[in-house]
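Q: how does the following fold in three dimensions:
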Amino acid sequence: MAKQKPLNLSELTETIKNGLVDQALRPNVYGYKPHAKQFKFHTSEAHTRLYIGGNRSGKTVGGAVESVYWLMKQHPYRRLPLPEGPVRGRGVAVDFNYGVDMIMLPELSRWLPPSALKNGSWEDSYDKEHRTLTLANKSFMEFRSYDQDLEKFAGTSRHFTWYDEEPPKHIFNESQARLIDTNGYAWLTMTPVEGMSWVYGDLYVPGTEGKNPDISVIEIEMTENPHISKEASERYLSTLSPDERKARERGEFVSVGGRVFKEFSPSVHVVSAALPPKHWEWYLSLDHGFNNPTAVLWHAVSPQNTIFTFAEHYRSEMTVPEHSQIIHERNAAYGKQPDYWIGDPAINQRQGVTGTSIKQEYADRGIFLADGNNDVLSGVNRMVQYLRVDPELGYPRWLIAENCVNLIDEMRMLRWKTHTSRKAQFENNKQEQIHKKNDHACDSCRYFFSFMPDLTPQMPTGNDLAELQRKHATTLGAVNGVAYPVPHANEPMAGSWEELMAISEATRIDDPLKTAWDTNIGYDYNT
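A: Got it, this is the predicted structure:
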């Protein structure tokens, strides 16, 4: 190997000058000044950080700098010590050509100072064949792509993983398994353009609602980045649909196909667990499954047609006798049998071997279910009516107890089906079918709501009302001639929620069911 000729004073001066110019034009991590949300991201020490926001809000920069801090083993914002010895990291992106080569690597190159690189050279540090970046201190970062086979994400342990944009669930799970040995850390920098996917239910909700202290969520809007023009951002955002704008400007989770129950909001519809007055009509609704959960819900309807869903039973891989026993035990604990029992009409089907049906099996155990209406769109329409805030009351006609956790989760997440590709979504009308996943409690609700009156401005009167009452009574299995009350939507509210609020000791107007009735039964709602 030829010996390099030493630089003379003039050449040395020119080299230093060029380096200073390059440093001024390309500031590395030592010149990095995080904006407020980036600072919050770097100072978080949660094992999983979800840095979510609009496009061009500085998320990828934050993820790259955080990776550089770890690889260099110099973290100015972290109180806990970094791992001993070389740090082993992993970066995962949507694909190699764009996500890794055009986003991740340029950002890492931008913030890594030459002194951290092998021989001060990016070319000596980055192995293109194996897609691995190795620093002078022997810390390294390997790169993977979401379109690779799952086996590519196995291997030895890692200290950190950076996911740029939302990963598929199976890839996230496999990569997270690489962090177990080191008690490692992960950060996701993403804009939720895929809608209300697994990230929303598994990371965002537990992180924002304090259900998992190991998850922190940092949210940022495009306009919070001080380095972009408001005029340019508005020019881009003005071309988007309202839902896509929410995702790309504010980083909001929106359902790509549209949420089924957009009107549902936990802050409006969810109240403290309580038992409703026993003189109200009580209903039980059931959607049966085995591999999928069986969802049983208890509802109470006031004389003025306001509804309180106050309890649930939600379990899979249980037999009809087991469900039946739990239902009877619950009813005994509540001190009242439901007035009406409603089930999925599909359970009428007879089994080829036994010649009986699921409905008959429940009936043999004292649970007699009337058939709910399985018209999906009609049921959804009725549920939406009761979710809307009644202008005369100032609150919705349907409230849900906070112990109905599975129903609440499904109401937040249930979405319409989408077309298989972005191009098809753009070229076709939205679908009118519900995405059939995690919809069991909502299905149970639909069967119940098929027996509730339509909240249209003009309700039937006179002979029409009497006929509607007769049909309801007959369908519910009531004795002929016993009228089922179908109140008018405009009936006065005396004796309904006002009655509840008088019984309750709650002081908050938005929480009329805060104090439970009949609490002396000592029943644990979580059982």
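Q: per-residue confidence for the closest residue to residue 349 other than its chain neighbours?
A: Distances taken as CB to CB, 6 or more residues apart in numbering put residue 357 closest to residue 349, at 5.9 Å, once the chain neighbours are dropped. Every C-beta, even on glycine, is put in place using the N, C-alpha and C of the backbone. Listed pLDDT for residue 357 reads 93.
Q: I'd say residue 357 and residue 350 touch.
A: Yes: using CB atoms under 8 Å, residue 357 is in contact with residue 350, at 5.0 Å.
Q: how many residues are close by the residue nearest to residue 349?
A: Using other CB atoms under 10 Å, residue 357 has 15 neighbouring residues.
Q: and residue 399, what are its bridge partners?
A: residue 308 (DSSP bridges).
Q: tell me the contacts of it?
A: Contacts for residue 399 (CB atoms under 8 Å, 6 or more residues apart in numbering) come out as 269-271, 306-309, 513.
Q: any idea how far residue 162 lies from residue 91?
A: As judged by CB to CB, to the nearest Å, residue 162 and residue 91 stand 5 Å apart.
Q: overlap in contacts of the two?
A: Residues touching both residue 162 and residue 91 by CB under 8 Å, 6+ apart: 67, 104.
Q: residues of the helix or strand harbouring residue 68 that come out buried?
A: For residue 68, the host element (DSSP states H and E) is helix 59-72. Buried positions in helix 59-72, judged by neighbour count with 16 or more other CB atoms under 10 Å: 59-72.
Q: what's the domain layout of this structure?
A: 34-250, 266-420+429-492 (automatic domain parsing).
Q: least confident of these, on average?
A: When the domains of the chain are ranked by mean pLDDT, domain 266-420+429-492 comes last with a mean of 79.
Q: partners of the next helix or strand after the helix holding residue 68, with directions?
A: Downstream of helix 59-72, the first helix or strand assigned by DSSP H and E is strand 88-93. Strand pairing for strand 88-93, using DSSP bridges, gives strand 140-145 (parallel), strand 160-164 (parallel).
Q: so what touches the longest one?
A: Going back to what we said before, that points to strand 140-145. The contact list for strand 140-145, computed with CB under 8 Å, 6+ apart, reads 67, 71, 86-96, 99-100, 104-105, 108, 130-134, 152-153, 171, 175.
Q: okay, the angle between it and helix 59-72?
A: Strand 140-145 runs at 140 degrees relative to helix 59-72, counting by axes from the mean of the first three to the mean of the last three CA atoms, to 10 degrees.
Q: just the helices in the stretch 201-350 of the chain please.
A: Taking DSSP state H, counting those that start in this stretch as the test, the helices found in the stretch 201-350 of the chain are 205-208, 230-237, 242-250, 266-269, 320-334.
Q: ok, residue 408 touching residue 270?
A: Yes: in this structure, residue 408 is within contact of residue 270 by CB under 8 Å, at 6.0 Å.
Q: overlap in contacts, those two.
A: Common contacts of residue 408 and residue 270 (CB under 8 Å, 6+ apart): 400, 402.
Q: show me what the spatially closest residue to residue 203 that is not a sequence neighbour is bridged to.
A: Nearest in space to residue 203, with sequence neighbours left out and distances taken as CB to CB, 6+ apart, is residue 50 at 5.1 Å. Counting by DSSP bridges, residue 50 forms beta bridges with residue 188, residue 217.
Q: how close does residue 50 sit to residue 345?
A: Distance of residue 50 to residue 345, computed by CB to CB: 41 Å.
Q: more neighbours, those two?
A: Remark: of residue 50 and residue 345, residue 50 carries more neighbours, 26 against 16, as counted by other CB under 10 Å.
Q: residue 60 is in contact with residue 107, correct?
A: Yes: counting by CB under 8 Å, residue 107 touches residue 60, with 5.9 Å between them.
Q: distance check, residue 65 against residue 41.
A: In terms of CB to CB, residue 65 sits 9 Å off from residue 41.
Q: equivalent analysis for residue 445, please.
A: Distance, residue 445 to residue 41, by CB to CB: 39 Å.
Q: what about the two, which has more around it?
A: When residue 445 and residue 41 are compared for neighbours, residue 445 comes out ahead with 31 against 24, by other CB under 10 Å.
Q: so that one sits right up against residue 309, yeah?
A: Yes: counting by CB under 8 Å, residue 309 is a contact partner of residue 445 at 7.3 Å.
Q: common neighbours of the two, please.
A: Counting by CB under 8 Å, 6+ apart, the contacts common to residue 445 and residue 309 are 297, 407.
Q: wait, residue 412 touches residue 264, no?
A: Yes: shown here, residue 412 and residue 264 form a contact pair, counting by CB under 8 Å, at 6.7 Å.
Q: which one of those two has more residues nearby?
A: Using other CB under 10 Å as the criterion, residue 412 and residue 264 rank with residue 264 on top: 21 against 18.
Q: and for residue 344, the neighbour number?
A: Neighbourhood size, residue 344 [other CB under 10 Å]: 24.
Q: residue contacts, it?
A: Residues near residue 344 by CB under 8 Å, 6+ apart: 286-288, 372, 374, 443-444, 447.
Q: can you tell me how far residue 364 sits from residue 372?
A: 20 Å.
Q: neighbour count: the two, which is higher?
A: Between residue 364 and residue 372, counting by other CB under 10 Å, residue 372 is the more crowded of the two (25 against 12).
Q: how about the more buried one: what's its closest non-neighbour residue?
A: When the adjacent residues along the chain are set aside, residue 372 lies closest to residue 447, with 2.6 Å between them (CB to CB, 6+ apart).
Q: any idea how many residues pack against the one you found?
A: If you count neighbours by other CB under 10 Å, residue 447 ends up with 24.
Q: go on, residue 150?
A: 12.
Q: for it, phi and psi?
A: Phi and psi for residue 150, reported as degrees, to the nearest 10, are phi -60, psi -30.
Q: please list all residues in contact with it.
A: 170-171, 174.
Q: out of these, who's nearest residue 193?
A: Of all the contacts of residue 150, residue 193 sits closest to residue 171, with 17.3 Å by CB to CB.
Q: do you know how far that closest one is from residue 154?
A: If you go by CB to CB, the gap between residue 171 and residue 154 works out to 11 Å.
Q: ok, now residue 334?
A: For residue 334, the distance to residue 154 - CB to CB - is 50 Å.
Q: more neighbours: the two, which one.
A: residue 334 (19 against 10).
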